[in-house]
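Student: Below is the sequence, then the predicted model.
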Amino acid sequence: MPRLPDLALSDGAVDFIDEDRFAALLAAPRPDAARVRDVIARSLAKQPLTVEETAVLLGADTPDLQQELFAAARTLKETVYGNRIVLFAPLYIGNDCVNECLYCAFRHSNADEVRRTLDAAEIRRQVEALEQRGHKRLILVFGEHPRYDADFIHDCVRLVYGVRVGPGAIRRVNINAAPQDIAGYRRIKAAGIGTFQVFQETYHHATYAAMHPRHTRKGDYLYRLDALSRAQEAGIDDVGIGALFGLYDWRFEVLALVAHARHLQERYGVGPHTISFPRVRPALGVALDERWKVSDADFRRLVAILRLAVPYTGLILTAREPAELRRELLGFGVSQIDAGTRIELGGYTEAGDAQCMEREQFELGDIRSLDAVLGELVTDGYLPSFCTACYRLGRTGEHFMEFAIPGFIKRFCTPNALLTAAEYLRDYASPETRAAGERLIAAELERIEEGPLKAELLDRLRQIRETDRRDLYF
Ligand code: SF4
Ligand code: SF4
């Protein structure tokens, strides 16, 4: 693959995507049911799966085995994660871009796209609007452009943390931006970020080359594949990987995501914090062939198999997907969703109810409000969480702790989810959502055994409900 001369890699950077091996695994005869069940059992014992084992699950394509996969993903989700769902919102800062990704409305040559970079006052207004709706966790999204350098990203993060409206505050800022060099990551880390996301989009080399012209920065496959290794070397151990499904064979991309997760785990002792698996959506001026389009049926398999393959990694399902499918897939092990999302630049204050395609990267499937999504979650028995405690207390590797430290979820995650949900209900919820949410909190409290932890939790809930005290966490 072509390399651009000025882009330095991490020490020992390597292309770990072995296409021949993946192709051989995907071409293997259908595995027998006993082998599939063995792999499922390993996953339910919380063992991350190898690429080969993941291929076994991908080969399980009979209706019966698929149902077993779905059931196992549900079990893993329920017994390990419980019923928490973390909520966040994206905030697009600027859509200037030097790249030419064929699937993206923001690509440099798309003259129909309205270009804009929010200035400080505009960012402040967007964050105020998000805080007024109850958001606590944001991901800032940037195109790839020299003006969005590490200093610019750093300053945006600091600006966001400084915005306060009433009881509102953004407590965790994640980043989705162009790959940085090590110095750039260090600068951005110093602003106090949570996760840094870089998606490979497609791990298949020829497809990558076809989608990302070689003269562009993004045309350098290895520089992008190595992006989060450099982040690790710069001290950012909280990274998010992802693939854009619909560019190439979804089964190949699943194997590659697992290979990427294992590569980071083996090399740095910590796997990715999250995996994202967006599907290609309609976008202004984009006409892709639909050969690799992922059907809803395959998408369900994809989510269930990822859940089983990487039990320590959060799965993010975004508002690209329609509301009904999102609702269904929560049961398969998704752990984070965005809500109340607008992706037009300035969309949280300027957009009406309809989407504006000239101003967004792609079309969303779910533009319900945070309150509507949260109301549905609590009605369905999910506990919404805005928890940011581990990041704030310097407890890193948090997904690993959730699994590996006995009682961690009971002692920390569930109480913190309850406290942040109670804050939302008190400060921002509609009467219907508040009533449904309080019923859920009462039911959750019933399940917590009596003792000092519960007494402390009840006292903190009382403070939230009766006083102005906020941001109480374990
Ligand atoms: Fe630019 Fe990202 Fe769009 Fe590619 S996907 S054109 S890098 S904004
Ligand atoms: Fe995540 Fe830590 Fe909060 Fe648990 S306590 S939900 S691991 S941030």
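Tutor: Received the coordinates, thanks. Ligands and ions are numbered 1, 2, ... in the order given.
Student: Would you mind measuring from residue 148 to residue 159?
Tutor: According to Cβ to Cβ, to the nearest Å, residue 148 stands 14 Å off from residue 159. Yep, even glycine has a C-beta here, placed from its N, CA and C like the rest.
Student: now swap in residue 360 and tell me
Tutor: Applying Cβ to Cβ to residue 360 and residue 159 gives a distance of 22 Å.
Student: contacting residues around the helix or strand that contains residue 159?
Tutor: Applying DSSP states H and E as the criterion places residue 159 in helix 150-162. For helix 150-162, contacts defined as Cβ atoms under 8 Å, 6 or more residues apart in numbering pick out 91, 93, 120, 123-124, 127, 138, 140, 142, 170, 173, 175, 177, 180, 183-185, 187-188, 190-193.
Student: Can you turn the buried subset of those into a selection I can paste into PyMOL?
Tutor: Selection of the buried residues among the contacts of helix 150-162 in PyMOL, burial being defined by 16 or more other Cβ atoms under 10 Å:
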select buried, resi 91+93+123+124+127+138+140+142+170+173+175+177+180+184+185+187+188+191+193
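Student: So residue 360 and residue 159 - more neighbours on which side?
Tutor: A direct count of neighbours by other Cβ atoms under 10 Å for residue 360 and residue 159 places residue 360 higher, at 24 against 18.
Student: which residues does that one contact?
Tutor: By Cβ under 8 Å, 6+ apart, the neighbours of residue 360 are 92, 105, 283-284, 343-344, 347.
Student: from the residues you listed, which has minimum pLDDT?
Tutor: Within the contacts of residue 360, pLDDT reaches its minimum at residue 283, with 77.
Student: and residue 443, helix, strand or coil?
Tutor: helix (DSSP: H, G, I helix; E, B strand; the rest coil).
Student: now it: how far from residue 418?
Tutor: 11 Å.
Student: Those two - which one has more neighbours?
Tutor: residue 418 (25 against 12).
Student: Quick check: buried residues in the host helix or strand of that one?
Tutor: Assigned by DSSP H and E, residue 418 belongs to helix 414-427. For helix 414-427, the buried set under the neighbour-count rule, 16+ other Cβ under 10 Å, comprises 414-426.
Student: from those, which single one is nearest residue 377?
Tutor: Comparing the buried residues of helix 414-427 against residue 377 with Cβ to Cβ places residue 421 closest, at 9.4 Å.
Student: so who does the closest residue to that closest one other than its chain neighbours touch?
Tutor: Residue nearest to residue 421 in three dimensions, not counting chain neighbours: residue 384, with 5.2 Å by Cβ to Cβ, 6 or more residues apart in numbering. Applying Cβ under 8 Å, 6+ apart, one finds that residue 384 lies in contact with 84-85, 87, 374, 377-378, 417, 420-421, 424, 437.
Student: swap in residue 234?
Tutor: Per Cβ under 8 Å, 6+ apart, neighbours of residue 234: 180, 182-186, 189.
Student: go on, residue 329?
Tutor: Contacts of residue 329 (Cβ under 8 Å, 6+ apart): 299-300, 303, 317, 321.
Student: A strand includes the residue nearest to residue 421, no?
Tutor: Yes: with three-state DSSP as the criterion, residue 384 is assigned to a strand.
Student: ok, now which ones touch the residue positioned nearest the centre of the chain?
Tutor: Centroid-nearest residue in the chain, with Cα atoms, centre = their mean: residue 316, separated by 3.6 Å. By Cβ under 8 Å, 6+ apart, residue 316 lies in contact with 240, 242, 274-277, 334-338.
Student: and the next element down the chain from the helix or strand where it lies?
Tutor: Using DSSP H and E, residue 316 maps to strand 314-317. Once strand 314-317 ends, the next helix or strand along the chain (criterion: DSSP H and E) is helix 323-329.
Student: any idea how far that next one is from the chain center?
Tutor: 16 Å (Cα atoms, centre = their mean, to the nearest Å).
Student: for that helix, which positions count as buried?
Tutor: 325-327, 329.
Student: among those, which are within reach of ligand 2?
Tutor: Near ligand 2, taking Cβ under 6 Å from any ligand atom as the test, no member of the buried residues of helix 323-329 is found.
Student: So for stretch 214-229, first residue to last residue, what's the gap.
Tutor: Start-to-end span of stretch 214-229 (Cα to Cα, to the nearest Å) is 22 Å.
Student: returning to that earlier point: and the strand holding residue 316, is it in reach of ligand 2?
Tutor: No: under the criterion of Cβ under 6 Å from any ligand atom, ligand 2 is not reached by strand 314-317; the shortest gap measures 8.7 Å.
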